[in-house]
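Enquirer: sequence unknown, structure follows:
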Ligand SMILES: [Zn+2]
Ligand SMILES: [Zn+2]
């Protein structure tokens, strides 16, 4: 099961960036999602276990870790 990147509740859908979100937060985009190690922007990737972030220098970064480590903020899309 994937969790909403915004609030941690069960995610049922994805936002426009492909990040798992709950229904309430699907219109939000996550900004400033950066690698905790090197500061590069992270890409959203898909595996059979679900979505994850990838840094092209450092490899995989868990969504939880990325959110803890950087000042991720959310903007509601209109
Ligand atoms: Zn949510
Ligand atoms: Zn990195």
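Expert: Cool, the structure landed. The structure presented is a predicted model; accordingly, all values stated were derived computationally and were not measured. Numbering: from 1, shown residues only. Ligands and ions are numbered 1, 2, ... in the order given.

Enquirer: for the protein, name the helix or strand with the lowest mean pLDDT.
Expert: helix 63-69 (a mean of 89; mean pLDDT, DSSP states H and E).

Enquirer: what does the chain have sitting close to ligand 1?
Expert: By C-beta under 5 Å from the ion, the residues of the chain that approach ligand 1 are 4, 6-7, 22, 25. From N, CA and C alone the C-beta is placed, and that goes for glycine too.

Enquirer: how about the nearest residue to residue 24, chain neighbours excluded?
Expert: Distance criterion C-beta to C-beta, 6 or more residues apart in numbering; nearest residue to residue 24, sequence neighbours excluded, is residue 7 at 7.4 Å.

Enquirer: helix, strand, or coil at the one you found?
Expert: coil (DSSP: H, G, I helix; E, B strand; the rest coil).

Enquirer: sorry, back to before: from the contact counts, what lies against the least confident helix or strand of the chain?
Expert: Packing partners of helix 63-69 (3 or more C-beta pairs under 8 Å, 6 or more residues apart in numbering; DSSP states H and E): strand 50-55.

Enquirer: so how far is the strand it packs on from its chain's centroid?
Expert: 8 Å (C-alpha atoms, centre = their mean, to the nearest Å).
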